[in-house]
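[1] model the structure of this input:
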Amino acid sequence: MGTNVARPTEWIFVTSTREPATATNHLTSSTDGSPRKIALVAGLGLLIMALLAPFAVFGVLEALVVSGDPTATFNNISESEGLFRSGIAAFLIVIMLDVVVAWALYVLLRPVNRTVALLTAWLRLAFAAVFASVLVNLLDAAQIVAGAEQSTLEAEQLHAQVMSSIASFDYGWTGIALAIFGLHLFGLGYLLFRSAEFPKFLGVLVILAGVGYLIDSFGTILVPDYALTIGVFTFVGEALLILWLFWKAIKGFRSGAETVTNM
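    Next up is the predicted model:
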């Protein structure tokens, strides 16, 4: 027919000269975005949370809630309802940012161990879900205060309901949600310790932060009137992680460097 057909040997030659596609797990080859930009997203998210959470806890709850005095607590919230609702909004923003940070940390650390990174991300998402469910209690308290004048209940009953809602939030957050978050920090600390992009001491400190939250959570569950706050003293690793993420966002990641250290 006059048509030249390549012999089998020619096909073998042609296909054998093609350069094989190389797969890499280096951060610099991530298809999800620039590692520096993702580190910046994680750092900014954690920084905003580090500012909003203390505002909601210390600037709102501790300023308005009087332990053992439902009437004073009710009156404080009634007089500063806008501040109380601002605290709820701050907590909600923290929950939203937790979802973003969970994704960013997963992308950055999955080259170390994809399975552990995925589990760690899911634990942070689980924490956010539990936190959101207990946050409804604070919104209930705000609604009770706002509708007090139209309510048919006695004042003492309203005050007790508000105090009960706040207590339910506190127990759900410190007793349940922070335990899940502590497990998340365990996985995160392990990944940071194994990564060549982060110092080993940072991973250790993040693990210690997780231990602090776990102690506080189980203390709240197992010990009546548990009053310790170990997490306040072990959070250093979380603060240093923010700084290190900003440093990596500025300096960048190693080009083609191994992301896992040798054990």
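[2] could you use CA atoms for every contact and neighbour count after this?
    Noted.
[3] can you tell me the closest non-neighbouring residue to A160?
    The shortest distance from A160 to any non-neighbouring residue, by C-alpha to C-alpha, 6 or more residues apart in numbering, is to P70 (5.9 Å).
[4] next up, the contacts around the one you found.
    P70 makes contact with 159-160, 162-163, according to C-alpha atoms under 8 Å, 6 or more residues apart in numbering.
[5] any idea how far the residue most central in space within the chain lies from A129?
    Nearest to the mean C-alpha position of the chain, counting by C-alpha atoms, centre = their mean, stands D98 at 4.1 Å. When distance is defined by C-alpha to C-alpha, to the nearest Å, D98 is 10 Å away from A129.
[6] for W173, same thing?
    According to C-alpha to C-alpha, W173 and A129 sit 11 Å apart.
[7] which one of the two is surrounded by more residues?
    Set side by side, W173 and A129 show more neighbours around W173, with 21 against 17, by other C-alpha atoms under 10 Å.
[8] neighbours of the nearest residue to that one once chain neighbours are set aside, just the number please.
    In space, not counting the residues next to it along the chain, W173 is nearest to F131; the distance is 6.1 Å by C-alpha to C-alpha, 6+ apart. Residue neighbour count, defined by other C-alpha under 10 Å, stands at 22 for F131.
[9] does F131 belong to a helix or a strand, and which?
    helix 114-146 (DSSP states H and E).
[10] which parts of that helix are buried?
    Taking 16 or more other C-alpha atoms under 10 Å as the neighbour-count basis, helix 114-146 is seen to contain the buried residues 116-132, 134-139, 141-142, 144-145.
[11] repeat that for stretch 160-178.
    Across stretch 160-178, burial judged by 16+ other C-alpha under 10 Å covers 160-166, 168-170, 172-178.
[12] tell me which of the residues you listed fall in helices.
    In helices, judged by DSSP state H, the following of the buried residues of stretch 160-178 are found: 160-166, 168-170, 178.
[13] got those as CSV, with distance to I38 columns?
    Listed next are these as CSV, based on distance: C-alpha to C-alpha, whole Å:
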residue, distance to I38
A160, 46
Q161, 43
V162, 41
M163, 41
S164, 41
S165, 38
I166, 36
S168, 36
F169, 32
D170, 32
L178, 25
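[14] from the residues you listed, which two are the most distant?
    With distance counted by C-alpha to C-alpha, no two of these lie farther apart than A160 and L178, which are 25.7 Å apart.
[15] tell me the one of the contacts of P70 nearest L83?
    V162 (15.8 Å).
[16] list the contacts for that closest one?
    Neighbouring residues of V162 by C-alpha under 8 Å, 6+ apart: 70, 74, 140-142, 144-145.
[17] distance of it relative to S168?
    Taking C-alpha to C-alpha as the measure, V162 falls 10 Å from S168.
[18] again with G182
    Taken as C-alpha to C-alpha, the span from G182 to S168 is 20 Å.
[19] count of neighbours near F181?
    F181 has 21 neighbours, counted by other C-alpha under 10 Å.
[20] ok, it touching Y213?
    Yes: proximity of F181 to Y213 meets the contact threshold set by C-alpha atoms under 8 Å, at 7.5 Å.
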